[in-house]
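# With the sequence up front, the predicted model follows.
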Amino acid sequence: GAVVSQHPSRVICKSGTSVKIECRSLDFQATTMFWYRQFPKQSLMLMATSNEGSKATYEQGVEKDKFLINHASLTLSTLTVTSAHPEDSSFYICSARGGRSSYNEQFFGPGTRLTVL
Amino acid sequence: DAKTTQPPSMDCAEGRAANLPCNHSTISGNEYVYWYRQIHSQGPQYIIHGLKNNETNEMASLIITEDRKSSTLILPHATLRDTAVYYCIVRVFYSGNTPLVFGKGTRLSVIA
């Protein structure tokens, strides 16, 4: 299957700082990328959907000014958590879907563990 | 997308077959059954999908009942590395920008 990478895999930051997470599709062009968040022992919750060159669509309850998503190219999307607080500590997972995928699959990154002190 | 129901947890002895059930009684004619799994602290991994025929690949087999209201994912020889949360998801094949929506899944524990 196609490969999606995330960087960093783990980040610890102080409260009030901003953190940027990168998501890259390594061997295909991702026309659509999705960002999920997962709290301990819970399922994945969709945060937003982004198409290359367009503004992201956020799910209800997700603050777009706090979670900035940029999808400037077909292989890169970034999620910036602005003014992070301890309650933003979570496992963030990106997913990509390519227009050429014959199964219309979503390919998932390995996730980024964010800890806000 | 149709709703699915899965047992919250299951145990399986190493080397035995793991049979994970999923109910999707409201599935529509154009909806497929997808299975993903998530090993602890990793991103979800695609396993298999099917419409109405049974499917098999190198990872698992998918058995869908004739009325398509339920299905079973079979891991023929479970290993400790198969310990994960397994998600059954029902959705149309070409869904454009519609993302996968994850329920609570089944936590499979493979025991030595």
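Perfect, thanks for sending it. What you see is a predicted model; the values in this text were computed from it and never measured.
# use CA for all of it now, contacts and neighbours both
OK.
# show me where pLDDT drops low in chain A?
Scanning chain A with the threshold set as pLDDT under 70 gives A:1, A:99-104.
# can you pull the buried residues of stretch B:48-66?
B:48-52, B:56, B:60-64 (16 or more other C-alpha atoms under 10 Å in any protein chain shown).
# Then stretch A:51-60?
A:51-52, A:56, A:58.
# Ramachandran angles for the closest residue to B:D11 other than its chain neighbours?
Leaving aside its chain neighbours, B:D11 sits nearest to B:S109 (4.8 Å; criterion: C-alpha to C-alpha, 6 or more residues apart in numbering or on different chains). Main-chain dihedrals, B:S109, degrees, to the nearest 10: phi -110, psi 120.
# Which element, helix or strand, includes the spatially most central residue of chain B?
By C-alpha atoms, centre = their mean, chain B has its centre lying nearest to B:W35, at 3.3 Å. In the assignment (DSSP states H and E), B:W35 maps to strand B:31-38.
# gap between that strand and the chain center?
Computed by C-alpha atoms, centre = their mean, to the nearest Å, the separation of strand B:31-38 from the middle of its chain amounts to 5 Å.
# How about stretch A:29-41?
Between the centre of stretch A:29-41 and the centre of its chain there are 5 Å (C-alpha atoms, centre = their mean).
# which ones are touching A:R113?
Going by C-alpha atoms under 8 Å, 6 or more residues apart in numbering or on different chains, A:R113 touches A:9-11, A:89-92.
# And A:S89, by the same measure?
Contacts of A:S89 by C-alpha under 8 Å, 6+ apart are A:113-116.
# Kindly report the same for A:G98.
Each residue near A:G98 by C-alpha under 8 Å, 6+ apart is listed here: A:28-32, A:104-106.
# Could you do A:S43 as well?
Counting by C-alpha under 8 Å, 6+ apart, A:S43 has contacts B:102-105.
# Can you list which of those residues are found in strands?
Members of these lying in strands (criterion: DSSP state E): none.
# Would you check how far apart the residue in chain A positioned nearest to chain B and A:S95 are?
Closest contact between chain A and chain B, by C-alpha to the nearest C-alpha, is at A:P110 (4.4 Å). Distance of A:P110 to A:S95, computed by C-alpha to C-alpha, to the nearest Å: 9 Å.
# now do B:P7
Taken as C-alpha to C-alpha, the span from B:P7 to A:S95 is 26 Å.
# Of the two, which one has the most company?
Counted by other C-alpha atoms under 10 Å in any protein chain shown, B:P7 and A:S95 do not tie: A:S95 has more neighbours, with 29 against 14.
# just checking, next helix/strand downstream of the helix or strand encompassing the more buried one?
With elements taken from DSSP H and E, the one containing A:S95 is strand A:90-98. Moving toward the C-terminus from strand A:90-98, the next helix or strand (DSSP H and E) is strand A:107-108.
# Export the next helix-or-strand element following that following strand to CSV, keeping only CA atoms.
Using DSSP H and E, the next helix or strand after strand A:107-108 towards the C-terminus is strand A:112-116. Extracted C-alpha coordinates of strand A:112-116, given in CSV (Å, rounded to 0.1, in the frame of the first residue of the first chain):
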residue,chain,number,x,y,z
THR,A,112,2.2,12.0,16.4
ARG,A,113,2.0,11.9,20.2
LEU,A,114,1.7,15.5,21.5
THR,A,115,2.3,16.1,25.2
VAL,A,116,1.7,19.6,26.5
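# three-state assignment of the residue of chain B at minimum distance from chain A?
Of all residues in chain B, B:G43 sits closest to chain A, at 4.4 Å by C-alpha to the nearest C-alpha. Secondary structure, DSSP: H, G, I helix; E, B strand; the rest coil: B:G43 is coil.
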